[in-house]
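**Q** prediction below, plus the sequence it came from.
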Amino acid sequence: MIATTTNPPSAARSFTIGFAIALATGIAAAVILAPCAAWALAAAGLRLPFPRIFDRTVMATLLAALLLWSRALGFNCLIRRGFAAPRANPGRAALGLALGLGAIAILFTAAIVMRHAAHPLEAGSLVARIAKNLIPAIAIGIIEEGFFRAFLLGGMLREFGRRTALVASAFIYALAHLVRAPAHFYLAGFHPMAGLADLGQSAAQLAHPLAAAPTLIGLTLLGLVLGQAFIATGNVYFSIGMHAGFVLGAKSWPAIAHGAAAAPRWLAGAGPVPLIAAPAAWLIAIVLLLALPRILRARPDAPPAQADFLGG
């Protein structure tokens, strides 16, 4: 479990303000450095879309900013605590993976039932996608749970109540995935303003709240589920497993969706992230949010889930 303390109002904002400063610094550095990185990669004969280069540059510069202020933010301590006792937690990670895949399997089963008879499921294509994306899904789970749960949620839990920390970190998680450049484009030569243009295109999506709302709702619910798993267990292993299962499902969705008989929006969703904007996925996320404390409490090796989101 994760203990939380009540700090004075001035102290309660120290982590959040420090994180906001590090985030702004990392993004500003990426705006300057990403065009340089794109030019260097193009000169080396590598053709990569600039939004991808910008995203990776933001990750690198944000990490550098966090390390620069690591002592003030407690970065090392939070990461060590979130990843404590790795040898004692493979079962917890496996259970999280099974639960994540089980949730995805419900959506897959509904899509398969809706498939037209003339488009039978190509099991080989599905297996190939799973095999191709398994390691990347685990890597994404480790990186994102380390950042959004062990560091961000862990830091906020030291300063705010559980509900505030959970909801705020889930919303930040959703925004980080939603605010992406909507189209891929390539640069020829050096364009110093490309980073600023990419950032503007990414933020412009928030100017259309009705179009962004379904994806934002789905991602926020997903962040709540993963955050609840972190709070209930006190480490990232269960949430890493679930996260990897969700990513693996999203990356395997094209093999299921191909040939589906006009899968409705309530199942398929819309937007850049498959399934996440679908009401069916929202319902499953809500069920998981309600069930997780009881699932984890029932395990012999799990600590009491007194940090229950619904329990306050």
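**A** Yep, it's here.
**Q** going forward, measure contacts between C-alpha atoms and count neighbours the same way
**A** OK.
**Q** count of neighbours near Glu144?
**A** 18 (other Cα atoms under 10 Å).
**Q** for the helix or strand harbouring it, name the packing helices and strands.
**A** Using DSSP states H and E, Glu144 sits within helix 123-144. If you count contacts as 3 or more Cα pairs under 8 Å, 6 or more residues apart in numbering; DSSP states H and E, helix 123-144 packs onto helix 237-257.
**Q** packing partners of the very next helix or strand once past the helix it packs on?
**A** For helix 237-257, the succeeding helix or strand toward the C-terminus, using DSSP H and E, is helix 265-268. Packing partners of helix 265-268 (3+ Cα pairs under 8 Å, 6+ apart): helix 90-113, helix 279-297.
**Q** re earlier: avg pLDDT for the following helix or strand past the helix holding Glu144?
**A** For helix 123-144, the following helix or strand on the C-terminal side (DSSP H and E) is helix 154-157. Helix 154-157 shows a mean pLDDT of 95.
**Q** need the residues that contact helix 154-157.
**A** Thr4, Thr5, Phe15, Thr16, Leu73, Gly74, Leu78, Gly82, Ala165, Leu166, Ser169 (Cα atoms under 8 Å, 6 or more residues apart in numbering).
**Q** count the residues that sit near the fifth one.
**A** Leu73 sits with 22 neighbouring residues when counted by other Cα under 10 Å.
**Q** ok, it - contacts?
**A** By Cα under 8 Å, 6+ apart, the residues touching Leu73 are Phe15, Gly18, Phe19, Leu66, Gly155.
**Q** buried ones in the lengthiest helix in the chain?
**A** Longest helix in the chain by number of residues (criterion: DSSP state H): helix 14-43. Buried residues in helix 14-43, counted by 16 or more other Cα atoms under 10 Å: 14-16, 18-19, 22-23, 25-39, 42.
**Q** same deal with stretch 122-140?
**A** So stretch 122-140, judged by 16+ other Cα under 10 Å, has buried residues Leu126, Arg129, Ile130, Asn133, Leu134, Ala137, Ile138, Ile140.
**Q** give me the lowest-pLDDT entry from these.
**A** Within the buried residues of stretch 122-140, pLDDT is lowest for Leu126, at 81.
**Q** excluding chain neighbours, what is closest to that one?
**A** Excluding the flanking residues, the one nearest Leu126 by Cα to Cα, 6 or more residues apart in numbering is Ala255, at 5.3 Å.
**Q** list the contacts of the residue nearest to Ile217 when sequence neighbours are not counted.
**A** Closest residue in space to Ile217, ignoring its immediate chain neighbours: Ala277 at 7.2 Å, by Cα to Cα, 6+ apart. With contacts defined as Cα under 8 Å, 6+ apart, Ala277 is in contact with Pro214, Thr215, Leu216, Ile217, Gly218, Leu219, Ala268, Gly269, Ala270, Gly271.
**Q** which ones among the residues you listed lie within strands?
**A** Counting by DSSP state E, the contacts of Ala277 place none of their members in strands.
**Q** tell me the contacts of Phe151?
**A** Contacts of Phe151 (Cα under 8 Å, 6+ apart): Phe75, Leu78, Ile79, Gly82.
**Q** where does the last one land on pLDDT?
**A** The one in question is Gly82. pLDDT for Gly82: 96.
**Q** list the residues that contact it.
**A** Contact analysis of Gly82 by Cα under 8 Å, 6+ apart lists Gly146, Arg149, Ala150, Phe151, Gly154, Gly234, Asn235, Val236.
**Q** list buried residues within these.
**A** Taking 16+ other Cα under 10 Å as the criterion, what is buried in the contacts of Gly82 is Gly146, Arg149, Ala150, Phe151, Gly154, Gly234, Asn235, Val236.
**Q** JSON lines for those residues, including distance to Ala194?
**A** Below are the buried ones among the contacts of Gly82 laid out as JSON lines (distance: Cα to Cα, whole Å):
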{"residue": "Gly146", "distance to Ala194": "30"}
{"residue": "Arg149", "distance to Ala194": "31"}
{"residue": "Ala150", "distance to Ala194": "33"}
{"residue": "Phe151", "distance to Ala194": "30"}
{"residue": "Gly154", "distance to Ala194": "34"}
{"residue": "Gly234", "distance to Ala194": "41"}
{"residue": "Asn235", "distance to Ala194": "39"}
{"residue": "Val236", "distance to Ala194": "36"}
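**Q** wait, which of the residues you listed is closest to Ala98?
**A** Val236 (15.3 Å; Cα to Cα).
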